[in-house]
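Q: for reference, the sequence and a predicted model appear below.
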Amino acid sequence: MDEVTLAKRTIDNSARYWAGEYEIACRYFAPSSDVRNEQADLLWVRHQMHKEWHGSGVYGPPGENVVTLVERAAKELREMDELTEHDRVEEAVETLEFAMDELKHFRDFSRVRQMITTEAAQPVEEGGLLSEGAALTELRHTLRSRSRAGRLAVQMSESGGLGFFFGVVSALGNGQPRSEPEKEILRAAQGIIDDERSHLGFNLRRSLLAGMSEKEWDELDESLQAISRQKLQERNQQLCHVLDDATLQAIDRGETEGADFARRYLDFWYEKLEIPLELLP
Ligand SMILES: [Fe+2]
Ligand SMILES: [Fe+2]
């Protein structure tokens, strides 16, 4: 099998978990939702702020966060010869752009938090990190240090295929009158989808060009499924367990929507897969 076929199979196999995240957003934000209230909103927003600041294991090894990303780029800039080392300049630009996107996501949810509560802000570190989120971070660190395929799986798992945010837009963006915090949540979700399209495109390109063997692609596939599965658990805990155990088990067994979800929402990934590898932007 060639890289493109292997990449499609990998995306299709994890997509059922991303579709699950979509379903969580639809259920949580449905007007008929009986779990949603101010406390529940505060819980998920604070956890999201933590995720945007620390990256849940995506930004790098333990200890990496938006601040250390900026520091890393600044250190690179100080040490490089900016007139001749073009690759290093390029890398610094990419790191700073990435950090800025994630910082914007943090700011957006921080703004939402301020709109829904008068409670004094707590440090991000204490800001509602949930047990399933800590388990996700741990899993990503383990897989990253295991092998190249593990590291690429961690990178491709960024945003879990964006399922949750597509769900937010679908649930809140249907023209119904919305409260001010809901408008802000919708704006944040749309901004994240725009930014993550480029993050995800970049991550897919990196896997396609890595020159992996089929065995490594198998490992990437399995690792990405494991991360996506844990990410769904995290999302479910973050949003008041709106999916019951029976639904989670059905997703695990592949009895729910999967590849068709990916085809519908991740068109930008499939477009990339139509381009000859040597011409990939
Ligand atoms: Fe983000
Ligand atoms: Fe991201």
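A: Ah, there it is. Residues are numbered from 1 along each chain as shown. Ligands and ions are numbered 1, 2, ... in the order given.

Q: got a pLDDT number for residue 160?
A: pLDDT recorded at residue 160 is 67.

Q: same thing with residue 127?
A: What the model reports for residue 127 is a pLDDT of 62.

Q: the one 4 residues further on now?
A: Among the per-residue scores, residue 131 holds a pLDDT of 94.

Q: correct me if wrong: residue 197 contacts residue 267.
A: No. Checked against CB atoms under 8 Å, the pair residue 197 and residue 267 is beyond contact range at 9.7 Å. Yep, even glycine has a C-beta here, placed from its N, CA and C like the rest.

Q: higher neighbour count, these two?
A: Between residue 197 and residue 267, residue 197 has the larger neighbour count (other CB atoms under 10 Å), namely 16 against 11.

Q: excluding its backbone neighbours, what's nearest whichever residue of the stretch 101-250 of the chain sits closest to ligand 2?
A: Residue nearest to ligand 2 within the stretch 101-250 of the chain (CB to the ion): residue 199, separated by 4.6 Å. Excluding the flanking residues, the one nearest residue 199 by CB to CB, 6 or more residues apart in numbering is residue 158, at 5.6 Å.

Q: how about the residues of the stretch 101-250 of the chain near ligand 2?
A: The interface of the stretch 101-250 of the chain toward ligand 2, taken as CB under 5 Å from the ion, is made up of 158, 199.

Q: if you set the cut-off to 8 Å instead, what comes out?
A: 101-102, 105, 158-159, 192, 195-196, 199 (CB under 8 Å from the ion).

Q: which ones among those residues are found in helices?
A: 101-102, 105, 192, 195-196, 199 (DSSP state H).

Q: which pair of the residues you listed spans the longest distance?
A: Taking CB to CB, the two most distant members of these are 105 and 199; they sit 10.8 Å apart.

Q: of those two, which one has the most company?
A: Taking other CB under 10 Å, residue 105 and residue 199 do not tie; residue 105 has more neighbours (23 against 19).

Q: quick one: that one from ligand 1, how far?
A: 4 Å (CB to the ion, to the nearest Å).

Q: so for the ones in helices among the residues of the stretch 101-250 of the chain next to ligand 2, which is the shakiest by pLDDT?
A: Lowest confidence among those: residue 199, with 81.

Q: measure that residue to residue 97 for me?
A: As judged by CB to CB, to the nearest Å, residue 199 and residue 97 stand 10 Å apart.

Q: show me the helices in the chain, by range?
A: Under DSSP H, the chain gives helices at 3-29, 38-54, 66-79, 86-116, 131-146, 148-156, 163-172, 180-208, 214-238, 245-252, 259-265, 267-273.

Q: and the ones you listed as JSON lines, adding distance to residue 279?
A: Shown next, in JSON lines, are those (distance: least, CB to CB, whole Å):
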{"stretch": "helix 3-29", "distance to residue 279": "13"}
{"stretch": "helix 38-54", "distance to residue 279": "33"}
{"stretch": "helix 66-79", "distance to residue 279": "28"}
{"stretch": "helix 86-116", "distance to residue 279": "19"}
{"stretch": "helix 131-146", "distance to residue 279": "29"}
{"stretch": "helix 148-156", "distance to residue 279": "21"}
{"stretch": "helix 163-172", "distance to residue 279": "28"}
{"stretch": "helix 180-208", "distance to residue 279": "11"}
{"stretch": "helix 214-238", "distance to residue 279": "21"}
{"stretch": "helix 245-252", "distance to residue 279": "36"}
{"stretch": "helix 259-265", "distance to residue 279": "23"}
{"stretch": "helix 267-273", "distance to residue 279": "11"}
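
Q: quick check, stretch 57-76 touching ligand 1?
A: No. Against ligand 1, stretch 57-76 shows no contacts by CB under 8 Å from the ion, the least distance being 8.6 Å.

Q: what distance do you get for residue 95 to residue 74?
A: Applying CB to CB to residue 95 and residue 74 gives a distance of 10 Å.

Q: same question for residue 184.
A: Residue 184 is 31 Å from residue 74, by CB to CB.

Q: and the two? Which one has more around it.
A: residue 184 (19 against 13).

Q: just the pLDDT for the closest residue to residue 91 other than its chain neighbours.
A: Take residue 91 and drop its neighbours on the chain: the residue closest to it by CB to CB, 6+ apart is residue 76, 6.8 Å away. In this model, residue 76 is scored at 93, pLDDT.
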